[in-house]
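Trainee: Requesting a structural model of the entry that follows:
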Amino acid sequence: MRKLVTTAAVALLMSGGLAAPVSAQGYTASDDITVLMGFKAGGGSDALAQLVQPFLAEELGVSFVNRYMPGATGAIAWTQLAKQVKPDGKTISITNTPMLMTNYIMNDTISYNITELTPLANIVTDPGIAVVAADSPYQTFADLMAAATADPGGVTVGNSGIGGDDFFTTVAFERAADVKFQKVPFQGDGPSWTAAMGGQIDASFNNVGITYPQIKAGNLRALVVFSNERLKELPDVPTAKELGYDVAAGSSRGYSAPAGFPAEARQQLVDGLRRVTENPEFQAAAAAQAMNIDFIGGDDYTKFLQDQEKVFTDVWNEVKADVQSN
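Mentor: Predicted structure coming up:
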């Protein structure tokens, strides 16, 4: 039976009711692993946790405790992971690109960086999407663009926080289309799409895997996807490139641990996550949520994050003057 311990168990965690640190031999069936999540429930981190961890618990014979620490585009959780968590194998975190790196690339007051982490594995890469409420007057992306062109800065577009993938997608699109939106940051993807669904903002630049259930249920309308090709889950939704805008973007989500994490525990987690992504039942569950599996394990994930760090440093250096002036 798969087991997933959620926030109900956080009190046990905070009171010190944990098993002993992981031994050099790795995990045992009595272990609990705490997963720090830098965003509110209902967003990309939460969706990944709810998808992956029941399968991973079965693979490793352990339980998972999700600890939600929203704020600062994930930086609160990742600063704790890098600076405060003991590398005893008991605590890991979901790590999201680009915000894992853009937090400190964009803000000198954020002191952690990826050299202070032990990357475990990337699990999914989730393309960007623009969604509106089902009853929105914007029936197509052309309608949204016409409104933005007629009223520069007047169309409100939500994102998961300054420095997140949705923020960077919005900035990249504004530059490609020579248009201006009023960018509205939220503490995660969930609050952003919820605000769009409730008509509090005109649109949300979000991710496919997060919004797909609401699109399928008829609560949100997808206007455009920021992928290189149309998605099989949304065959009628055009890509930005089809519409003449050379923008493709999204977010990759995986797991990392603090630096100095036990090597045996790291290998168990990497191998377990690999087996999860190869499980046909998991693959079917991911497909049902439009989650695009993109496994990158161990040292390859470390290199992936390093490469992303360079890419987004270059992007930020190019756009920061414009962003900071607004």
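
Trainee: mind listing the helices for this protein?
Mentor: 10-14, 44-60, 75-83, 99-106, 141-150, 165-177, 189-197, 208-216, 263-278, 280-288, 299-325 (DSSP state H).

Trainee: among those helices, which is nearest residue 67?
Mentor: Smallest distance to residue 67 across the helices of the chain (C-beta to C-beta): 5.6 Å, for helix 10-14. All C-beta atoms are positioned from the backbone trio N, CA, C, and that covers glycine.

Trainee: picking up where we left off before, any chance of the helices of the chain in JSON lines, plus mean neighbour count and mean pLDDT?
Mentor: As requested, those are exported to JSON lines (neighbours: other C-beta atoms under 10 Å; pLDDT from 0 to 100):
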{"stretch": "helix 10-14", "mean neighbour count": "13", "mean pLDDT": "36"}
{"stretch": "helix 44-60", "mean neighbour count": "22", "mean pLDDT": "94"}
{"stretch": "helix 75-83", "mean neighbour count": "21", "mean pLDDT": "97"}
{"stretch": "helix 99-106", "mean neighbour count": "25", "mean pLDDT": "93"}
{"stretch": "helix 141-150", "mean neighbour count": "16", "mean pLDDT": "97"}
{"stretch": "helix 165-177", "mean neighbour count": "23", "mean pLDDT": "90"}
{"stretch": "helix 189-197", "mean neighbour count": "25", "mean pLDDT": "95"}
{"stretch": "helix 208-216", "mean neighbour count": "22", "mean pLDDT": "93"}
{"stretch": "helix 263-278", "mean neighbour count": "19", "mean pLDDT": "97"}
{"stretch": "helix 280-288", "mean neighbour count": "14", "mean pLDDT": "95"}
{"stretch": "helix 299-325", "mean neighbour count": "14", "mean pLDDT": "86"}
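
Trainee: Of those, which is nearest residue 32?
Mentor: Across the helices of the chain, closest to residue 32 is helix 10-14 (C-beta to C-beta), at 7.6 Å.

Trainee: Please tabulate the helices of the chain in TSV, including the columns distance to residue 121.
Mentor: Output for those, formatted as TSV (distance: least, C-beta to C-beta, whole Å):
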stretch	distance to residue 121
helix 10-14	23
helix 44-60	10
helix 75-83	16
helix 99-106	14
helix 141-150	34
helix 165-177	19
helix 189-197	21
helix 208-216	17
helix 263-278	4
helix 280-288	14
helix 299-325	5
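
Trainee: Out of those, which is closest to residue 126?
Mentor: Of the helices of the chain, the one closest to residue 126 (C-beta to C-beta) turns out to be helix 208-216, at 4.4 Å.

Trainee: on that earlier part again, please name whichever of the helices of the chain is nearest to residue 89.
Mentor: helix 263-278 (3.9 Å).

Trainee: quick one: contacts of the closest one?
Mentor: Identification of contacts with helix 263-278 by C-beta atoms under 8 Å, 6 or more residues apart in numbering yields 22, 24-27, 52, 55-56, 59-60, 89, 92, 118, 120-121, 123, 255, 257, 282-283, 293, 295, 297-298.

Trainee: Narrow these to those that are buried.
Mentor: Applying a neighbour-count criterion of 16 or more other C-beta atoms under 10 Å, the buried members of the contacts of helix 263-278 are 22, 26-27, 52, 55-56, 59-60, 89, 92, 118, 120-121, 123, 255, 257, 282, 295, 297-298.

Trainee: Okay, and which of those map to strands?
Mentor: 92, 118, 120, 121, 123, 255, 257, 295, 297 (DSSP state E).

Trainee: Which residue comes closest to residue 148 once chain neighbours are left out?
Mentor: Leaving aside its sequence neighbours, residue 148 sits nearest to residue 155 (C-beta to C-beta, 6 or more residues apart in numbering; 4.4 Å).
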